[in-house]
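Colleague: model the structure of this input:
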Amino acid sequence: MRIAVLLTGSLRTIRKTVRFLKINVLDANHYAGNTVHVFGGIRNDSNESNTMWETWFREQMGEDYQATRWITFEDPYWCTVRDNLLDQMPIDGGSKHYLRSGGSMFQYYQLLRAYEEMISKERSLRQTYDYVIRVRTDSIFCQPVDFQWLSWSKAEIAERYKEVQTCLKTDDAVRCVRHFMNTLLYPSKYDLSSVSEEQNFCIVSDADGLLQNVWASPEERLQDYLRKGRYILTCRGDILYIVRRDAFSFVPAIGTYYGHFWTPTMDTWWWNGETQFQSACHASGLTLYAYNTLFEDNSFNHYSDTTYFKNMTTMELKNLNMLYCLIRN
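Modeller: Okay, here's the model as predicted:
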């Protein structure tokens with residue numbers, strides 16, 4: 001398979017996070033026999049030049065690294081697009097100031113630029129990628145993202161599904177399938193009961209036609225759904241995610257259409273980044289599965305190296321169950 005990694009954000013803690021990108025995304029996919037390419041949409045908030053960072057990325061990632069669009073908050077085209085979008089959004093001045101000065105909108109412009117680099121590569125190769133992984137420069141996958149679930153046998157799927165039923169203490173197919181998908185990246189050798197059902201959520205798309213069949217006969221039809229279903233796997237909403245390439249195009253469009261996406265369940269916070277992301281997934285016909293735990297979520301507001309890592313030199317995890325983490329410093 002061909003995998004495209006879209007790396008976005010500010011440089012911040014990239015010197016720490018790149019280790020996990022290499023081990024759990026790049027090396028994991030090489031070991032699985034996949035081709036993986038990295039495309040960046042990044043803001044340089046350091047005192048070092050873009051040229052220096054280009055060299056560093058190539059040293060760290062080798063031939064997997066393809067290209068980066070370097071973007072600033074002052075980018076003239078971005079400022080024009082942002083202001084035009086904000087002028088059309090029926091929200092109060094304080095909310096507009098939050099969006100103008102923060103990263104909610106800007107992150108999707110970065111994603112769009114990285115996506116454009118990916119498309120350029122596809123045209124030059126005359127081949128499209130099979131899957132897209134979005135990662136942030138300040139966040140990590142703590143487990144291998146090697147798409148091994150696509151090769152699970154029906155027996156392996158049935159065993160894991162029974163583990164979910166035991167964890168939830170129910171045979172309710174809708175709940176069990178949701179938890180099965182929400183914990184798809186979670187290492188199966190650990191007890192799924194440590195992942196609270198309440199911490200995760202799912203937004204079902206009516207266009208995800210295979211899902212209705214799965215609910216009717218999960219153990220028989222999950223294999224087909226894993227390989228062909230229209231779904232997106234996310235960590236903490238829109239921080240890290242994995243999706244089929246042919247179902248992805250609407251999501252980077254948020255970069256220039258922010259505020260124009262909606263869903264029937266939108267609330268007063270329809271304009272924030274996570275809700276716009278969910279709405280773009282809905283417009284794409286994607287069912288969204290969102291994984292989260294309180295322990296991992298706390299890395300966004302109460303991050304400390306010693307909470308999440310035993311040793312900062314080796315970056316050894318304290319919690320082997322951890323799937324993702326945001327590294328603040």
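Colleague: quick one: mean pLDDT for the longest helix seen in the chain?
Modeller: Longest helix of the chain, by residue count under DSSP state H: helix 106-125. What helix 106-125 shows for mean pLDDT is 97.
Colleague: now do Ile203 against Leu184, distance only.
Modeller: 16 Å (C-beta to C-beta, to the nearest Å). Backbone N, C-alpha and C define where each C-beta goes, glycine included.
Colleague: which of the residues in the longest helix of the chain are classified as buried?
Modeller: Using 16 or more other C-beta atoms under 10 Å as the test for burial, helix 106-125 gives 106-118, 121-122.
Colleague: show me the contacts for the spatially most central residue of the chain.
Modeller: The C-alpha lying nearest the average C-alpha coordinate of the chain belongs to Tyr241 (C-alpha atoms, centre = their mean; 1.7 Å). By C-beta atoms under 8 Å, 6 or more residues apart in numbering, the residues touching Tyr241 are 133-134, 232-235.
Colleague: which SS state does it fall under?
Modeller: strand (DSSP: H, G, I helix; E, B strand; the rest coil).
Colleague: tell me the bridge partners for it.
Modeller: Arg134, Thr234 (DSSP bridges).
Colleague: name the helices or strands packed onto the longest helix of the chain?
Modeller: strand 2-10, strand 35-43, strand 65-70, helix 76-88, helix 254-257, helix 273-283 (3 or more C-beta pairs under 8 Å, 6 or more residues apart in numbering; DSSP states H and E).
Colleague: if we use 10 Å, what do you get?
Modeller: Packing partners of helix 106-125 (3 or more C-beta pairs under 10 Å, 6 or more residues apart in numbering; DSSP states H and E): strand 2-10, strand 35-43, strand 65-70, helix 76-88, strand 131-136, helix 254-257, helix 273-283.
Colleague: alpha carbons of the fifth one, in PDB - could you do that?
Modeller: Which is strand 131-136. Taking C-alpha atoms only, strand 131-136 is exported to PDB below (Å, rounded to 0.1, in the frame of the first residue of the first chain):
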ATOM      1  CA  TYR A 131      -4.500   6.000   2.900                       C
ATOM      2  CA  VAL A 132      -3.700   9.400   4.600                       C
ATOM      3  CA  ILE A 133      -2.400   9.800   8.100                       C
ATOM      4  CA  ARG A 134      -2.600  13.300   9.600                       C
ATOM      5  CA  VAL A 135      -0.100  14.000  12.400                       C
ATOM      6  CA  ARG A 136       0.800  17.100  14.300                       C
END
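Colleague: any idea which helix or strand comes after that strand?
Modeller: Counting by DSSP states H and E, the element after strand 131-136 in chain order, helix or strand, is strand 139-141.
Colleague: what's downstream of that next one, the next helix or strand?
Modeller: Counting by DSSP H and E, the element after strand 139-141 in chain order, helix or strand, is helix 154-168.
Colleague: run through who's touching that following helix.
Modeller: Outside helix 154-168, the residues that touch it by C-beta atoms under 10 Å, 6 or more residues apart in numbering are 148-149, 152-153, 170-173, 175-184, 186, 188, 191-195, 197, 218-226.
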